[in-house]
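Visitor: show me how the following folds:
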Amino acid sequence: MTSRQDIIDYISHLCKGTVFSKPEITQLGSELTILSDKIGNVTKSLIISFRLSDTGMAIQSIGAFLTDAKLESFIEHIAEQNNLQFNKSMTRTVTYSASDLKLYRKITLDEVDDFEVYKKYIQKYLFHEVVPFFKNRSTIEGLGAYVLNYDFDNIINIGLGGEYPINILKAITIAKWCGNDSKYEEYTTGLQLWINEDRNDPNYAKTSESYQAAFNELKEKLTGPL
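Guide: Okay, the predicted model is just below:
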């Protein structure tokens, strides 16, 4: 019978030297395992949940998460100064979703008849999906190459952690730090329009001034002297 430890050992072996230099493994209860590694400002994590298959344990879900501490702490300070909620456990910089859904389903939904065959699917998923994700997005420039492809209206849907307007403030910061003036203008204009609408919405009117204050402080910090 395949055990959870068999799968974790295999993933750790594949990830060492490609994703992680020396992964730290954290077990959360009987169902969740986190592999993580921090290099400089960036923490890379694989979060894996498990299910029981006919031949033992199998993966129920697996996701890659990237957190840039410099970006997070910058936004956290502004959020706290302006009474906006900043949940550290939920504010990963980028959340990964599999682009090859057929392969992802092979790992997370199909029955595991042969562990050796199952390992090949895991290996393909890690090398084709996870390794490029971390390689391409582990710098502010890499984040920018991903985030700044999106129009303002889609920013809240692309996996920047934090509730509105935290995720928008992150995108604005990334645009500025990457020197992309056109996206900076697009995102700041878009957020100001949304805040203006919030003032006239009973659900958001009470918090709209906090949104505006945080937005104003962000722009001041981004355009002021270093």
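
Visitor: where does the chain have low pLDDT?
Guide: Residues of the chain that meet the criterion pLDDT under 70 lie in 30, 88-91, 225-226.

Visitor: quick one: the helices in it?
Guide: In the chain, helices defined by DSSP state H lie at 4-15, 69-81, 101-108, 115-125, 131-137, 140-147, 166-177, 181-199, 205-223, listed in chain order.

Visitor: would you mind putting those into a markdown table with distance to T93 alongside?
Guide: In short, each C-beta sits where N, CA and C put it, glycine included. A markdown table is the format used below for the helices of the chain (distance: least, C-beta to C-beta, whole Å):
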| stretch | distance to T93 |
| --- | --- |
| helix 4-15 | 19 |
| helix 69-81 | 6 |
| helix 101-108 | 22 |
| helix 115-125 | 22 |
| helix 131-137 | 8 |
| helix 140-147 | 7 |
| helix 166-177 | 7 |
| helix 181-199 | 16 |
| helix 205-223 | 16 |
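
Visitor: T26: which of the ones you listed is closest?
Guide: Of all the helices of the chain, it is helix 4-15 that lies closest to T26, at 10.8 Å by C-beta to C-beta.

Visitor: which strands and helices sit next to that closest one?
Guide: Where contact means 3 or more C-beta pairs under 8 Å, 6 or more residues apart in numbering; DSSP states H and E, helix 4-15 is packed against strand 32-39, strand 42-53, strand 56-68, helix 115-125.

Visitor: any idea what the nearest residue to K22 once chain neighbours are set aside is bridged to?
Guide: Among residues not flanking K22 along the chain, D37 sits closest, at 6.6 Å (C-beta to C-beta, 6 or more residues apart in numbering). With DSSP bridges applied, D37 shows beta-bridge pairing to K44.

Visitor: most packed of the helices of the chain?
Guide: helix 166-177 (a mean of 24; mean count of other C-beta atoms under 10 Å).

Visitor: what sits up against that helix?
Guide: With C-beta atoms under 8 Å, 6 or more residues apart in numbering as the test, helix 166-177 has contacts from 71, 74-75, 78-79, 84-86, 91, 93, 140, 143-144, 147-148, 152, 155-156, 160-162, 183-184, 187-188, 190-191, 194, 214-215, 218, 222-223.

Visitor: returning to that earlier point: of all the helices of the chain, which one is nearest T55?
Guide: Nearest to T55 among the helices of the chain is helix 115-125; the distance by C-beta to C-beta comes to 7.0 Å.
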